[in-house]
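Novice: Need coordinates for the following:
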Amino acid sequence: MNFKKIGVIGGGTMGQGIAEMLAAKGLDVLLVEKTSERLDYSYGMIETSLDKQLEKWAITQAEKKLILSRIQKVTHFAELSSCDMVIETITEDLEAKQKVFNQLDAVCPSNIILASNTSTLSLTELASSTMYPERVIGMHFIHPVGKVDLVEIVRGLKTSDSTFEDTKAFVDEIVDKKGVMIYESPGFVSSRLICLFINEAMHVLQEGVASPEDIDDAMRIGYQFQHGPLEMADRFGLDSVLAALENMFREYGELKYRPSTILKKMVRAGQLGAKSGEGFFKYDKDGDRI
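Specialist: So this is what the prediction gives:
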């Protein structure tokens, strides 16, 4: 397929990253949110991200303007009918995602690929709510989208070979990231492994073995991680980590996926990490650690 215009549904952290990355690759992006206020906020966060790159001389002012010009703010699904692919990246809630895909069924031609950025939910179950389950596929980008050159391409039970091949070509050739094929399994590969790593770090903290700073330093310095597990959790969003662990615990029924008590407490208190300004560490309005 000739991919030129991509719809991105959801203007949260992942939606912002995907939209910015696609626009930087020269694609036209239709960014969808429920309200114009949310759209303005998401667009503003993308502009802030570009400004940070501008400060580091990673891009020019002209490149920033060009990237932003390729992102169109949209509040109505009907406008996605002209897209060559649509990527859903809303919250990890199966019913909410199924509702989105039902709406896409009504506006997108049957040959258009509908991708989900879900990290733990069943693609087969998601696709079963659509008229054309063969065109539904998982395309799991990893945060931060612009810096991580990996995409998990997840096949549901009825995902067609042509849908997979076109998506693989899109990821490898147009997005210029490494696409790895994953057969559907809760958490896939990356979320399944990294969430266990993060959850165990929280258990270590709960037991009083070490401070948050020392836990992260041990893994960051000792094993060359860019961020330690607790800062990773902050940047993913503690609510997102909790949702992923709960989904895997429900699917696998194994105690190792049971979320730590401290994670539940922090989410209930509204300490969600970088996006709320405080998690295991504190962050400024731009998401930089204080």
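Novice: Show me where the stretch 151-290 of the chain has its helices.
Specialist: According to DSSP state H, counting those that start in this stretch, the stretch 151-290 of the chain carries its helices in the segments 161-169, 190-206, 212-223, 229-236, 238-252, 261-268.
Novice: so can I have JSON lines of these showing distance to Val32 and mean pLDDT?
Specialist: (C-beta placed from N, C-alpha, C; glycine too.) Shown next, in JSON lines, are the helices of the stretch 151-290 of the chain (distance: least, CB to CB, whole Å; pLDDT from 0 to 100):
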{"stretch": "helix 161-169", "distance to Val32": "20", "mean pLDDT": "96"}
{"stretch": "helix 190-206", "distance to Val32": "24", "mean pLDDT": "97"}
{"stretch": "helix 212-223", "distance to Val32": "35", "mean pLDDT": "98"}
{"stretch": "helix 229-236", "distance to Val32": "22", "mean pLDDT": "96"}
{"stretch": "helix 238-252", "distance to Val32": "20", "mean pLDDT": "94"}
{"stretch": "helix 261-268", "distance to Val32": "26", "mean pLDDT": "98"}
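Novice: Single out the most deeply packed of the ones you listed.
Specialist: For these, ranked by mean neighbour count under the definition mean count of other CB atoms under 10 Å, the leader is helix 229-236 at a mean of 26.
Novice: Give me the angle between it and helix 190-206.
Specialist: Taking axes from the mean of the first three to the mean of the last three CA atoms, to 10 degrees, one finds that helix 229-236 is oriented at 130 degrees with respect to helix 190-206.
Novice: And the contacts of helix 229-236?
Specialist: 143-144, 194, 197-198, 200-202, 205, 212, 215-216, 219, 225, 227, 241, 263, 273-274, 279-281, 283, 287, 289 (CB atoms under 8 Å, 6 or more residues apart in numbering).
Novice: Restricting the selection to alpha carbons, write stretch 1-18 to PDB.
Specialist: Listed in PDB are the C-alpha atoms of stretch 1-18, where the atom choice follows Å, rounded to 0.1, in the frame of the first residue of the first chain:
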ATOM      1  CA  MET A   1       0.000   0.000   0.000                       C
ATOM      2  CA  ASN A   2       1.000   3.600  -0.500                       C
ATOM      3  CA  PHE A   3       1.000   5.100   3.000                       C
ATOM      4  CA  LYS A   4       0.700   8.900   2.900                       C
ATOM      5  CA  LYS A   5      -1.900   9.900   5.500                       C
ATOM      6  CA  ILE A   6      -2.200   8.200   8.900                       C
ATOM      7  CA  GLY A   7      -4.900   8.600  11.500                       C
ATOM      8  CA  VAL A   8      -3.900   8.600  15.200                       C
ATOM      9  CA  ILE A   9      -6.700   8.200  17.700                       C
ATOM     10  CA  GLY A  10      -5.800   9.400  21.200                       C
ATOM     11  CA  GLY A  11      -3.600  12.400  22.100                       C
ATOM     12  CA  GLY A  12      -2.100  11.100  25.300                       C
ATOM     13  CA  THR A  13       1.600  10.500  25.800                       C
ATOM     14  CA  MET A  14       1.800   7.600  23.200                       C
ATOM     15  CA  GLY A  15      -0.500   9.300  20.700                       C
ATOM     16  CA  GLN A  16       1.600  12.500  20.900                       C
ATOM     17  CA  GLY A  17       4.800  10.500  20.300                       C
ATOM     18  CA  ILE A  18       3.400   8.500  17.400                       C
END
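Novice: Using neighbour counts, pick out the buried residues of it.
Specialist: Burial within stretch 1-18, assessed by neighbour count using 16 or more other CB atoms under 10 Å, is assigned to 3, 5-18.
Novice: what are the ranges of the strands in the stretch 1-150 of the chain?
Specialist: Per DSSP state E, counting those that start in this stretch, the stretch 1-150 of the chain has strands spanning 5-9, 28-32, 71-74, 85-88, 113-116, 136-141, 150-155. These are given in chain order.
Novice: Just put these in TSV and tack on distance to Glu63 and mean pLDDT.
Specialist: Formatted as TSV, the entries for the strands of the stretch 1-150 of the chain read as follows, by distance: least, CB to CB, whole Å; pLDDT from 0 to 100:
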stretch	distance to Glu63	mean pLDDT
strand 5-9	19	98
strand 28-32	15	98
strand 71-74	13	96
strand 85-88	23	98
strand 113-116	26	97
strand 136-141	21	96
strand 150-155	23	96
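Novice: Report the rounded mean pLDDT for the longest helix along the chain.
Specialist: When the chain is scanned for its longest helix (criterion: DSSP state H), the result is helix 36-55. Average pLDDT, helix 36-55: 94.
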